[in-house]
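Peer 1: got a sequence here, can you model it:
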Amino acid sequence: MKNMVNLNLLIALLLVSMSSAGCGDGAEGTIAGLEGKLWKLDSYVNTQGESVGVLPGTEITAEFKEGQVGGSAGCNRYFGSCEVDANYLTLGPVGATMMACEPSVNEQERQYLAVLESAASYQVTDGKLRIANADSETVLTFSVLEPALLTGRTWQLNGYNNGRGGFVSVLADSEITAVFGDDGSLAGSAGCNHYTASFEVDGEAIWIGPVGLTRMMCWDPEGIMEQESAYLAALESAATYQIKGALLELRDSDGMRVLSYTADTY
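Peer 2: Presented below is the predicted three-dimensional model:
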């Protein structure tokens with residue numbers, strides 16, 4: 001009888017410990033549908049109460065892991081705390097980086113983050129994640145996003161480390177690209193000049209360089225040559241890479257983000 005009492009007590013304690021968990025803790029039956037996936041936003045409820053799709057050419061993602069939620073808000077990276085209790089979901093407060101993008105993208109981002117913080121419950125069915133507010137209204141709908149391959153596509157630069165401690169967006173009316181070849185070659189536009197380099201990968205480690213460059217001078221937009229120099233320096237400093245969905249990030253040996261790209265086709 002004593003052993004039976006102890007067994008019942010153990011079961012009760014286990015049930016209590018499973019009833020509340022931080023996102024990504026792996027509690028069976030509570031967050032198994034959330035964790036281990038990168039979610040891509042399909043639609044959200046805007047300030048007019050309408051369900052709208054994500055702007056063309058932008059991508060909003062969410063990843064739930066180890067008591068945190070984070071991802072791309074379309075322009076900036078965001079991060080916040082996360083707590084799950086059965087199908088109840090509490091997020092926030094949410095912080096974000098401070099890059100500036102097109103006004104419409106900035107507004108979409110602002111609305112998304114506000115809606116995200118209103119989360120009260122969630123449901124995962126048929127490969128879709130639906131997040132509802134306190135009134136049980138679905139305000140966010142996501143689908144699972146599989147990562148793109150490094151090679152075989154053109155990567156468009158979103159932002160870069162300017163070498164002065166800041167991570168900044170690409171100048172308006174300029175384009176920087178990177179194409180990683182299966183043969184270990186790297187090429188693209190640095191904004192003004194065309195560049196080439198070699199690269200090697202081993203797991204998430206990457207080595208790039210040396211970089212060869214054409215010799216054009218450009219004057220428009222203002223600051224394009226300074227941007228080009230900072231981009232190439234950041235490229236040669238890359239030590240690791242990570243792909244989440246259509247987003248590619250390169251970091252230096254200190255773990256600092258130096259480059260962020262989006263795949264042009266996915």
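Peer 1: any weak-confidence spans in the stretch 1-150 of the chain?
Peer 2: Residue ranges of the stretch 1-150 of the chain with pLDDT under 70: 1-22, 24-32.
Peer 1: can you map out the strands along it?
Peer 2: Secondary structure of the stretch 1-150 of the chain by DSSP state E, counting those that start in this stretch: the strands cover 21-22, 39-45, 51-53, 61-65, 68-72, 77-85, 88-96, 121-125, 128-132, 138-144.
Peer 1: name every strand pairing with the second one and say which way it goes.
Peer 2: To tie it back to what came earlier, the one meant is strand 39-45. Partners of strand 39-45 in the sheet, by DSSP bridges, are strand 51-53 (antiparallel), strand 61-65 (antiparallel), strand 138-144 (antiparallel).
Peer 1: and it, how far out from the chain middle?
Peer 2: 14 Å (Cα atoms, centre = their mean, to the nearest Å).
Peer 1: which residues touch it?
Peer 2: By Cβ atoms under 8 Å, 6 or more residues apart in numbering, the surrounding residues in contact with strand 39-45 are 51-54, 59-63, 71, 111-112, 115, 128-129, 137-145, 245. (Glycine included, C-beta is placed from N, CA and C.)
Peer 1: next secondary structure element downstream of whichever helix or strand Ala233 is part of?
Peer 2: Applying DSSP states H and E as the criterion places Ala233 in helix 224-236. Sequence order places strand 240-244 as the next helix or strand after helix 224-236, per DSSP H and E.
Peer 1: which secondary structure elements does the helix or strand following that following strand sit against?
Peer 2: Next in sequence after strand 240-244, counting helices and strands by DSSP H and E, comes strand 247-251. In this structure, strand 247-251 packs against strand 240-244, strand 257-263, with contacts taken as 3 or more Cβ pairs under 8 Å, 6 or more residues apart in numbering; DSSP states H and E.
Peer 1: let me know the average pLDDT across strand 247-251.
Peer 2: Mean per-residue pLDDT for strand 247-251: 94.
Peer 1: neighbours of Ala178, how many?
Peer 2: Look at Ala178: counted by other Cβ atoms under 10 Å, it has 25 neighbours.
Peer 1: so how far is the host helix or strand of it off the chain centroid?
Peer 2: For Ala178, the host element (DSSP H and E) is strand 177-180. Centroid separation between strand 177-180 and its chain, computed with Cα atoms, centre = their mean, is 19 Å.
Peer 1: now do that strand: everything it contacts.
Peer 2: 150-151, 153-157, 186-189, 199, 235, 261.
Peer 1: how does it look with 6 Å?
Peer 2: Contact with strand 177-180 is made by 150-151, 154-156, 186-189, as judged by Cβ atoms under 6 Å, 6 or more residues apart in numbering.
Peer 1: what subset of those residues is buried?
Peer 2: 150, 154-156, 186, 188-189 (16 or more other Cβ atoms under 10 Å).
Peer 1: count of neighbours near the closest residue to Ala73 other than its chain neighbours?
Peer 2: Counting by Cβ to Cβ, 6 or more residues apart in numbering, Glu109 is the residue found nearest to Ala73 once chain neighbours are left out, at 4.4 Å. As a burial measure, Glu109 scores 22 neighbours (other Cβ under 10 Å).
Peer 1: hmm, Gly74 is touching Gln111, no?
Peer 2: No. At 10.0 Å, Gly74 does not count as touching Gln111 under the criterion of Cβ atoms under 6 Å.
Peer 1: which one's more surrounded, those two?
Peer 2: When Gly74 and Gln111 are compared for neighbours, Gly74 comes out ahead with 26 against 18, by other Cβ under 10 Å.
Peer 1: distance check, the more buried one against Glu102.
Peer 2: Gly74 is 10 Å from Glu102, where distance means Cβ to Cβ, to the nearest Å.
Peer 1: cool, Ala114 as well?
Peer 2: Going from Ala114 to Glu102 by Cβ to Cβ gives 19 Å.
Peer 1: equivalent analysis for Gly49, please.
Peer 2: To Glu102, Gly49 is 24 Å away according to Cβ to Cβ.
Peer 1: how close does the nearest residue to Thr47 once chain neighbours are set aside get to Gln68?
Peer 2: Excluding the flanking residues, the one nearest Thr47 by Cβ to Cβ, 6+ apart is Gln111, at 6.0 Å. Gln111 sits 22 Å away from Gln68, going by Cβ to Cβ.
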